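Engineer: The sequence isn't on hand, but the structure is:
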């Protein structure tokens with residue numbers, strides 16, 4: 001049997017599927033990468049972030065494009081500025097935060113792919129006005145994400 005040879009994909013600057021309410025731009029989806037990984041860009045407003053959570057399906061690699069990211073790991077905090085990279089293995093609780101008064105832009109890689117479906121469902125629920133804590137929990141559980149606070 002002949003091996004399947006993937007075709008190169010080029011995503012021009014400023015393109016990809018933007019999820020306005022979630023604040024994520026799909027750059028390469030698992031459908032495009034044979035489920036190997038998912039690449040996305042995200043922006044955090046000044047002095048904002050997400051809550052402590054843990055992934056059971058994917059590792060994340062975060063590259064800081066602009067600004068500084070603070071990563072809380074329990075009682076420890078790591079910080080990376082533009083050009084810095086962080087590896088966040090699955091099963092490690094973490095929270096991402098922008099400590100500055102300017103926007104934070106990151107490029108993140110989720111391995112394996114599939115996390116884009118989580119973002120898609122969040123965006124859809126937000127658009128429909130059906131998002132509440134129970135819906136957020138339901139969607140998160142479906143994709144192996146547990147919110148710890």
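Structural biologist: Yep, that arrived. Everything quoted here is computed from the prediction, not taken from an experiment.

Engineer: residues in contact with the residue minimising distance to the centre of the chain?
Structural biologist: Most central residue of the chain, judged by C-alpha distance to the mean C-alpha position with CA atoms, centre = their mean, is residue 108 at 5.9 Å. When contacts are counted by CB atoms under 8 Å, 6 or more residues apart in numbering, residue 108 is found next to 39-42, 60-63. Glycine gets a C-beta too; all of them are placed from N, C-alpha and C.

Engineer: Measure how buried the residue nearest to residue 73 when sequence neighbours are not counted is and give me the count.
Structural biologist: Counting by CB to CB, 6 or more residues apart in numbering, residue 73 lies nearest to residue 94, which is 5.6 Å off, once chain neighbours are set aside. Neighbours of residue 94 under the rule other CB atoms under 10 Å: 20.

Engineer: go on, residue 69?
Structural biologist: Neighbours around residue 69, by other CB under 10 Å: 24.

Engineer: same check, this time on the one 10 residues further on
Structural biologist: Applying other CB under 10 Å, we find 13 residues neighbouring residue 79.

Engineer: what bridges to residue 25?
Structural biologist: Judged by DSSP bridges, the bridge partners of residue 25 are residue 18, residue 41.

Engineer: Same check on residue 79?
Structural biologist: residue 70.

Engineer: got a list of what it touches?
Structural biologist: By CB under 8 Å, 6+ apart, the residues touching residue 79 are 68-71, 99.

Engineer: from those residues, which is closest to residue 139?
Structural biologist: Among those, residue 71 lies closest to residue 139 (CB to CB), at 23.0 Å.
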